[in-house]
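> Predicted structure and sequence below. I'll ask about it afterward.
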Amino acid sequence: MTTQLERPPAESEETSRNLLTEQGSGAVADGIFRKVTLLSGVAVLVILVLIAVTTTKQAWPAFSEFGTSYFFGTEWIPSEGLYGILPLVYGTVLVSLIAVFFAVPLSIGIALFVTELAHRRVRSSITLVIDLLAAVPSVVFGLWGFYQLIPIFQSVFNTISEAVASIPVLNVIFGPGSGSSFMSAGLILALMIIPIITSVTREVFLTVPENDKSGSLALGATRWEMIKGVVIPHSTGGLTGAVMLGLGRAMGETVAVALLIGASPQISANLFGRGETMPAQIFRSLSEAGGVYRSALIGLGVCLFVITIVVNVSARRMVLVIDRRIKGTV
Amino acid sequence: MSNTSSESTEQVFQSLTSANMSKKRRFRNAAASVAMVGAFLVAAIPLFAMGASVLSQGLGVVLSVDWWTQPIPGDVGRSDLAGNEDLCGLGFGDAAECESGESSTSVVEGMQPAIVGTFLTVFGASVMAIPLGILGAVYLHEYGKTGRLARFIRFMTDVMVGVPSVVMGVFIYTIWVLNFGTNGKSAFAASLALGCLMLPIVVRSTEEMLKLVPNALREASAALGTRTWKTTLKVVLPAASAGITSGCLLAVARAAGETAPVVFTIGYVTTTNFSMRGQNTTLSAQIYSQLTNGGSIATQLAWGAAVTLVGIVLVLTLTARAISSRLTIGRT
């Protein structure tokens, strides 16, 4: 009865009852709204399926014409009709690994700095710097790297390769090279994936129970011993997830890599040599390509899609498992 | 008794102060702290170096009125592209060689077409992705919750965030540009690609914000007899609006800076095109193509476009941060 008192007198008891039950226009609107939101949610799935289907369809001529020589061929020379994607896959993986190699220790250091070392007031300015680093567009990294870093890289790489010229294995890995190389692209990529790895790592470190940390300090551990004994062992799984996410991001980065890698598809152990990655090759050539060449490039897109999905799914799985474990303990 | 106890307390005290700690442990602890600060500096210094060089190289052109009102000096850049391609190959690897061929000086320097194009494509992408993304997030958090479909969509959204932007470009290229030929290249096609890129970001950030809305609000609204749809539109979304806005701004900033999906869906123009149809250009695409053109004027244009783009992205990012930090204060 209270409902009736609060309602305007014009409204009869029947309409107010309708409003509260499953019938009437309200229920219809509810159903429609639910369906609209459901469709919007499903849009993500539809887009993913469409990406897979349409790109595979366009790439099919290349897949069927070259077959295994497409996936396992070691030469990518479009002008001679050679479409073997291995050099590009090699470049993508190598550059991403270089990036992860440099970015992971730095990101862990920054995350520890933010969570364990920095004063509360400094903390927000550190995250601001990292956020800004994340905000800079890829092409600006490329522009800066192209004009300002390549000359520096050139001289540094030359010095290193001359220094190790007589050492058996190192003189192959750090052979004579140029300013645009696997290493140049990997270094600029490292800078670009630091923000994502740092932010995930920070989240992981924040889940370390405060009691464990205090307990360790109370037993007389230094801050570093506490980090080594409590924070890192507690976070290994999450760190793996963070590294995988960084790897996935590095594999897909396009413009900055395209500008710094030197555009010559080759499988070479020389980190200072020129190379090429899959996204860079697509980016450079898709607009002008036609026929089989275009199919082969779209096929590269399909491969890249599959690889990054595999990397991301396993990364997310890891993060999910960790989420569950943390929720279980708390 | 009391005497011995005070003695041992002193001992404990001494062993706990750093004065009594072994040199090795003290050194390691200090070294670790230095390494952490060092890691931050290694990341921060390149950022500032990059900021400084972008500003010093590009600010000059940006400050003139012409920059915002004039068309791009197309013939300058495009004409030496052919010559440069022979020199540098598609790799344009050696910067010095690529730059050497160019010395002509033109007066007109403008970037209006790219500025207009950037706003057009980003606007188009936002119109498509933001409502769809918010509604999708509403489904995930208000209806689907922990159901099987919702969990699957959530997982796939996370995966989609990781799909490289160049793949989105290839997708729109195959589904749109190849179907419509050269007419297919337009600001609209680029919007589609950027929209695909933004959608999962919007969904995930919006859902995070919906999680922050206290359930008591939903229950109170339901207790007054309000339908779920009305509760969502009039109570939940307004309560989360600050956070949602901040997340959307970050997605917009990300889209504005993207190059890879834009380059093969938008084409190239040197005069301003206010329409979603027909070829267009964006700041990021200009940076790339002027850079590959080489030459002093093209280089100037590239740095100028970089300043403009970084400015736009910074404004968006800092606004998003300001909104979300105010939100955090309100919450605590």
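Perfect, thanks for sending it.
> Might one say that B:Cys248 is in contact with B:Val127?
No. Using Cβ atoms under 8 Å, B:Cys248 makes no contact with B:Val127, being 11.6 Å away. Where C-beta positions appear, they are placed from N, C-alpha and C, glycine not excepted.
> By neighbour count, which bits of the helix or strand harbouring B:Ile130 are buried? Give me those.
Element membership for B:Ile130 (DSSP states H and E) is helix B:112-138. Buried residues in helix B:112-138, defined by neighbour count with 16 or more other Cβ atoms under 10 Å in any protein chain shown: B:112-122, B:124-126, B:128-130, B:132-138.
> Next: stretch A:55-72.
In stretch A:55-72, the ones that count as buried by 16+ other Cβ under 10 Å are A:Thr55, A:Thr56, A:Gln58, A:Ala59, A:Pro61, A:Ala62, A:Phe63, A:Phe66, A:Tyr70.
> Okay, the fifth one and chain B: tell me how far apart.
So the one you mean is A:Pro61. As judged by Cβ to the nearest Cβ, to the nearest Å, A:Pro61 and chain B stand 12 Å apart.
> Contact partners for that residue?
A:Val292, A:Ser295 (Cβ atoms under 8 Å, 6 or more residues apart in numbering or on different chains).
> Show the model's pLDDT score for it.
We have a pLDDT of 89 for A:Pro61.
> could you give the angle of the host helix or strand of it to helix B:112-138?
Applying DSSP H and E as the criterion places A:Pro61 in helix A:25-66. Computed by axes from the mean of the first three to the mean of the last three Cα atoms, to 10 degrees, the angle separating helix A:25-66 from helix B:112-138 equals 120 degrees.
> what sits up against the following helix or strand past helix A:25-66?
Using DSSP H and E, the helix or strand that follows helix A:25-66 towards the C-terminus is helix A:68-72. Residues outside helix A:68-72 that contact it (Cβ under 8 Å, 6+ apart) are A:Ala62, A:Phe63, A:Tyr83, A:Gly84, A:Ile85, A:Leu86, A:Ala296, A:Gly299, A:Cys303.
> Each with direction, which strands does the helix or strand just after helix A:68-72 pair with?
Counting by DSSP H and E, the element after helix A:68-72 in chain order, helix or strand, is strand A:76-77. Using DSSP bridges, the strands paired with strand A:76-77 in its sheet are strand A:82-83 (antiparallel).
> For stretch A:139-152, list every residue counted as buried.
The neighbour-count check on stretch A:139-152 (16+ other Cβ under 10 Å) flags A:Val139, A:Val140, A:Phe141, A:Gly142, A:Leu143, A:Trp144, A:Gly145, A:Phe146, A:Tyr147, A:Gln148, A:Leu149, A:Ile150 as buried.
> Please apply the same query to stretch A:110-124.
A:Ile110, A:Ala111, A:Leu112, A:Phe113, A:Val114, A:Thr115, A:Glu116, A:Leu117, A:Ala118.
> among these, which are in helices?
A:Ile110, A:Ala111, A:Leu112 (DSSP state H).
> and the last one, what does it touch?
What that stands for is A:Leu112. Counting by Cβ under 8 Å, 6+ apart, A:Leu112 touches A:Phe205, A:Ile227, A:Val231, B:Met36.
> Poorly predicted segments of the chain, please.
I went with chain A, as the question did not name one. By pLDDT under 70, the weakly predicted segments of chain A are A:1-24, A:320, A:322-330.
> Correction: the question concerned chain B.
Checking chain B against pLDDT under 70 turns up B:1-20, B:74-108, B:182, B:327-332.
> got the buried residues for the lengthiest helix in it?
Longest helix in chain B, counting residues (DSSP H): helix B:23-62. Under the neighbour-count criterion of 16+ other Cβ under 10 Å, helix B:23-62 has B:29, B:32-33, B:35-36, B:39-40, B:42-44, B:46-47, B:50-51, B:53-55, B:57-58, B:61-62 buried.
> ok, which of these also contact chain A?
Applying Cβ under 8 Å from any Cβ of the partner chain to the buried residues of helix B:23-62, one finds that B:29, B:32-33, B:35-36, B:39-40, B:42-44, B:46-47, B:50, B:53-54, B:57 fall near chain A.
> what about the residue most central in space within chain B, distance to chain A?
Ranked by distance to the mean C-alpha position of chain B (Cα atoms, centre = their mean), the top residue is B:Arg254 at 2.1 Å. Plainly put, B:Arg254 is 8 Å away from chain A if you go by Cβ to the nearest Cβ.
> got a list of what that residue touches?
Residues in contact with B:Arg254 (Cβ under 8 Å, 6+ apart) are B:Leu197, B:Met198, B:Ile201.
> Hmm, B:Ser246 and the last one touching each other?
No. Look at B:Ile201 against B:Ser246 with Cβ under 8 Å: they stay out of range, at 12.0 Å.
> Just the closest residue of the stretch 101-250 of chain B to chain A, please.
Nearest to chain A in the stretch 101-250 of chain B, going by Cβ to the nearest Cβ, is B:Pro164, at a distance of 2.5 Å.
> Helices along the stretch 101-250 of chain A, start to end?
Secondary structure of the stretch 101-250 of chain A, counting by DSSP state H, counting those that start in this stretch: helices at A:120-135, A:138-144, A:150-163, A:170-173, A:182-206, A:210-218, A:223-226, A:232-252.
> Give the other helices and strands that the first one contacts.
Think helix A:120-135. If you count contacts as 3 or more Cβ pairs under 8 Å, 6 or more residues apart in numbering or on different chains; DSSP states H and E, helix A:120-135 packs onto helix A:182-206, helix B:23-62, helix B:296-331.
> ok, now the longest one?
Here helix A:182-206 touches helix A:86-112, helix A:120-135, helix A:138-144, helix A:150-163, helix A:232-252, helix A:255-260, helix B:23-62, going by 3+ Cβ pairs under 8 Å, 6+ apart.
> Please produce JSON lines containing these, extended by distance to B:Thr174.
Listed next are those as JSON lines, based on distance: least, Cβ to Cβ, whole Å:
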{"stretch": "helix A:86-112", "distance to B:Thr174": "19"}
{"stretch": "helix A:120-135", "distance to B:Thr174": "30"}
{"stretch": "helix A:138-144", "distance to B:Thr174": "22"}
{"stretch": "helix A:150-163", "distance to B:Thr174": "33"}
{"stretch": "helix A:232-252", "distance to B:Thr174": "18"}
{"stretch": "helix A:255-260", "distance to B:Thr174": "20"}
{"stretch": "helix B:23-62", "distance to B:Thr174": "34"}
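> what's the closest non-adjacent residue to B:Leu249?
B:Ala320 (3.9 Å; Cβ to Cβ, 6 or more residues apart in numbering or on different chains).
> List the residues that contact the one you found.
By Cβ under 8 Å, 6+ apart, B:Ala320 lies in contact with B:Thr245, B:Ser246, B:Gly247, B:Leu249, B:Leu250, B:Ala253.
> Tell me the spacing between the residue positioned nearest the centre of chain A and chain B.
Among the residues of chain A, the one closest to the centroid is A:Arg249, at 1.8 Å (Cα atoms, centre = their mean). Counting by Cβ to the nearest Cβ, the gap from A:Arg249 to chain B is 7 Å.
> ditto for A:Gly238
A:Gly238 sits 15 Å away from chain B, going by Cβ to the nearest Cβ.
> in terms of contact, does that residue touch A:Ser199 like I think?
No. Using Cβ under 8 Å, A:Gly238 makes no contact with A:Ser199, being 12.0 Å away.
> More neighbours: which of the two?
The neighbour count for A:Gly238 versus A:Ser199, taken as other Cβ atoms under 10 Å in any protein chain shown, is higher for A:Gly238 (23 against 20).
> Many thanks, we can stop here.
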